[in-house]
Structure formats: structure tokens, C-alpha cells
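> sequence first, predicted coordinates after that:
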Amino acid sequence: MTEATTQAPAVIPAASNEALAGHNRISTAALNSVAQAAAAESFGVQVNEVRVSFSDAAGRLAISLATPIAVPSLTALAVAHDEAAAARLAESGGSIWLRTIAAKKDVLDKVGYLTGSDVARVDIRITGVRLPQQSRAYENPVQPDAAPARRVQ
């Protein structure tokens, strides 16, 4: 046997312009999950807090989102009317309005890229705000070693 007969046959890749047989479909549930994840990431909230619906926009996909948005501590911003407060607001991405506009493009791009869908628009309704997690000491002002109050009769 010669060397040529013992080698495995070469795999010839399909031409880049040649269509492959078969169908590819992305289910509504998968599309919904991608849109929820993209929105949750953009707004800094949990995936289960984002509601998504889809509609037709002249043959293209229109996405409607209803979601809360994470915001910096309003108390911290109100107490410090200085440059540090302005810096914290800028770090958060700016005002709720500006962050919503930026998220619209972000969600449109991510959903279109990840699913291959032709997304026409993203409509967003902000349903509430989520504050950053506060420390336990702030949430529970009672000291753990303090004696419970006694009722006087």
C-alpha cells in the first residue's frame, strides 16, 4: 500500500457563497431570553424583572421592554452636592433618560447580532428603580448585642 491510499480523505469546505440545505429557526422563547438578558445587562437588573414582547414592524422585528433600572443611591447624591456626587452620577451612566437611550441601541445591536434578527426598533418603558444593595448595618439599625426592650407594667 502506498502512502496516498492510507491517508484519510480530505474534507473540502463548501464555498462561502454556497447555501447549505436545511432550516434554522430561533424559537420565540429563545428570542425572549436573549432580549431579556440584553436588557437586564443594560439596565443593571435581574433577568426575571424584564418583560419583553415582540411585534411586526413592516417585516422586521420590533421589541417592547418593560423594566426597572438600577440607579445610584439617591440619598448619597442628595447629601453630597459636590463633584463626588456628580462623578458618581456620571459613573452610573448619567440620567435615567440618557441611560435608556443608550440601552435602546445596545439591546437592538445585541439581539440583532446574537439572533440574526432584523430588529427595527426597541421601545422601552421604565417601570421602577432598583437601588444598590445597602449594608446590613444600614438595613438593621438594632445592634445585635443590645438587650431587647422590656415592657413596663
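All right, it came through fine.

> what comes into contact with the longest helix belonging to the chain?
Of all the segments of type helix in the chain, defined by DSSP state H, the longest one is helix 96-115. With Cβ atoms under 8 Å, 6 or more residues apart in numbering as the test, helix 96-115 has contacts from 26, 30-31, 34-35, 38-39, 42-43, 61, 63, 65, 69, 71, 92-93, 117-119, 121-122, 124, 126, 129. Every residue, glycine included, has its C-beta placed from N, CA and C.

> which of the residues you listed are buried?
Neighbour counting over the contacts of helix 96-115 (16 or more other Cβ atoms under 10 Å) leaves 31, 34-35, 38-39, 42-43, 61, 63, 65, 69, 71, 92-93, 117, 119, 122, 124, 126 as the buried ones.

> and the helices in the protein, which stretches?
All helices of the chain, identified by DSSP H, fall at 3-6, 28-43, 74-79, 83-91, 96-115, 136-139.

> now residue 40: how far from residue 83?
For residue 40, the distance to residue 83 equals 31 Å [Cβ to Cβ, to the nearest Å].

> more crowded one of these two?
The neighbour count for residue 40 versus residue 83, taken as other Cβ atoms under 10 Å, is higher for residue 40 (20 against 8).

> which one is that one nearest to, not counting chain neighbours?
residue 47 (4.5 Å; Cβ to Cβ, 6 or more residues apart in numbering).

> from residue 115, how far off is the one you found?
Spatial separation of residue 47 from residue 115 under the definition Cβ to Cβ is 16 Å.

> of the two, who's got more company?
More neighbours sit around residue 115 than around the other of residue 47 and residue 115, counting by other Cβ under 10 Å; the figures are 16 against 13.

> state the distance from residue 48 to residue 63.
In this structure, residue 48 and residue 63 are separated by 18 Å, where distance is defined by Cβ to Cβ.
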